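Chemist: Give the three-dimensional model of this entry:
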Amino acid sequence: MRWQDLNREVAAKLGGNHALAEQRPFIFIDSRQQQLHCIDIEAENDHSYPVSTAENGIGNRLDSHKTPFGIHRIRQKVGGGQPVGAVFEARQPTGRIASDLDNREQDEITSRILWLDGLEDGVNRGGVYDTYSRYIYIHGTSDEKRIGEPVSGGCIRMRNADVIELFDEVMLNDLVVIR
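Modeler: Numbering: from 1, shown residues only. Predicted structure coming up:
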């Protein structure tokens, strides 16, 4: 898929508001390839990172433990300035640092959090389909060894160094497209 075509598709779904889709880079998460692409249309380049989406696949329903699809925005950024591996609970740093990066026993949220908000009414916004109320994040993990495999409980997991780099590159309201 060409990034320009995806950009036009997103703008059309957002009511033709090209400003939302063109002023800033956007994130495209390819669940089939387990890849996140941070795309800058004007610069015609992208940064790609391996990710882990949901073990249960793609879906928007509450309590499905699936990664939601569609168009989202970054509504909140949490964790700026925290050390690599900082463990979060309820979006608050616990003071612990994850030292075991092969921790399959817990789904620890580490380093940084990008909290997503759906933009498509009835798809990923509102009712039992609301991404934001499902607490869906792009975040670091203490289970780095399985990045690249669909193993999460719904969120998009990244390696800690990668999520910190992405966190520093994106802004609030930047678009995130998940397929």
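Chemist: Can you show me the strands along this structure?
Modeler: 26-30, 35-40, 45-50, 70-78, 86-89, 92-97, 109-118, 137-141, 156-158, 175-178 (DSSP state E).
Chemist: Quick check: which of these is nearest to residue 14?
Modeler: strand 70-78 (6.9 Å; C-beta to C-beta). (Each C-beta comes from the backbone N, C-alpha and C, glycine too.)
Chemist: List the buried residues for the closest one?
Modeler: Of the residues in strand 70-78, 70-74, 77-78 count as buried by neighbour count, 16 or more other C-beta atoms under 10 Å.
Chemist: Could you report the neighbour count for residue 175?
Modeler: 23 (other C-beta atoms under 10 Å).
Chemist: what is it paired to in the beta sheet?
Modeler: Legend: beta-bridge partners of residue 175 under DSSP bridges are residue 73.
Chemist: Lowest mean pLDDT among the helices and strands of the chain, which one is it?
Modeler: Counting by mean pLDDT, DSSP states H and E, the chain has its least confident helix or strand at helix 18-22, which shows a mean of 52.
Chemist: All set now, cheers.
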